[in-house]
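Q: From the sequence below, what's the structure:
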Amino acid sequence: MRRRQGHPSPTAVGVFCGNDGGVAVDLIVPLKRPSLGKSRLRGVLGDADGEYSHTDLVLALAFDTLRAATAAAGVDRVLVVGSDPAALALLRELEVDVVGEHAVGGPPDGGPHDNLNTALRAGERLLRADNPGGTIGALQADLPALRPHELTEAITEAGGRRAFVADRHGTGTTLLLSSPGGRLRPRFGPGSARAHTLSGARPLTAALPSLRGDVDTPGDLDHARLLGLGDRTRAVLDRACLLS
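A: Residues are numbered from 1 along each chain as shown. Here you go, the predicted structure:
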């Protein structure tokens with residue numbers, strides 16, 4: 001896998017050090033087929049049958065999330081694990097690797113949340129093969145207002161411990177971080193914030209509004225708009241005349 005240009009090489013123990021001396025993170029971003037993702041947002045652009053528009057929106061959410069993530073100090077590599085890599089070609093212009101679930105040993109054998117956690121574990125194995133002692137994170141792909149400095153703040157607060165960021169509702173998880181060389185142990189799905197806490201992960205307490213602002217519903221999208229959307233999501237909504 002390629003390392004982002006200008007980022008440091010691993011140290012002898014496999015831990016990446018950022019410019020500020022902190023530990024750098026390799027992120028896994030899972031993304032299902034865009035035409036099938038974010039079902040509760042279907043029709044938000046005003047055309048319930050407009051699959052192309054819905055796909056545009058899902059890809060825009062992911063694009064803005066990834067653009068912010070790759071700009072964050074403390075993030076080294078970003079691996080997108082998708083159920084349809086060909087549909088994610090747009091994302092390759094960013095400094096990310098895009099692989100299919102099957103390519104990393106994550107076949108969709110269970111329900112949607114089982115598939116998500118399976119894909120994350122498969123991505124973790126791929127990253128671990130290249131960097132056994134590194135810190136790995138799982139980031140949701142629906143954070144269109146994400147600010148790079150908030151992601152950096154979360155990595156800094158974690159301080160090398162297994163930790164997570166709950167969503168703004170306090171029930172879901174937007175970011176999960178392993179300890180250096182430790183297992184990620186993802187527990188995404190309904191009530192994942194509680195599940196991650198029970199599994200020993202430390203809940204991070206900084207405000208981090210843009211990192212907590214994942215988008216599953218039209219109300220979530222309105223909240224992200226108030227925080228300040230990324231350019232790609234803003235452009236999609238602007239074409240649909242949904243921004244004033």
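Q: And the pLDDT for the spatially most central residue of the chain?
A: Nearest to the geometric centre of the chain sits residue 139, at 2.6 Å (C-alpha atoms, centre = their mean). pLDDT, residue 139: 98.
Q: So it sits against residue 175, correct?
A: Yes - assessed by C-beta atoms under 8 Å, residue 139 is found in contact with residue 175 at 5.4 Å. Using the backbone N, CA and C atoms, a C-beta is placed for each residue, glycine as well.
Q: and the residue nearest to the centre of the chain, what is it in contact with?
A: 27-29, 65, 69, 151, 174-175 (C-beta atoms under 8 Å, 6 or more residues apart in numbering).
Q: Distance of residue 84 relative to residue 31?
A: With the distance defined as C-beta to C-beta, to the nearest Å, residue 84 ends up 9 Å from residue 31.
Q: Those two: which has the busier surroundings?
A: Comparing residue 84 with residue 31 by other C-beta atoms under 10 Å, the one with more neighbours is residue 31, at 28 against 15.
Q: quick one, what contacts the more buried one?
A: Contacts of residue 31 by C-beta under 8 Å, 6+ apart are 37, 62, 80-83, 88, 141.
Q: one more time with 7 Å
A: For residue 31, the contacting residues are 62, 80, 82, 88, 141, by C-beta atoms under 7 Å, 6 or more residues apart in numbering.
Q: Can you get me a residue count around the last one?
A: By other C-beta under 10 Å, 27 other residues sit near residue 141.
Q: In a strand, it, correct?
A: No - read with DSSP: H, G, I helix; E, B strand; the rest coil, residue 141 is coil and lies in no strand.
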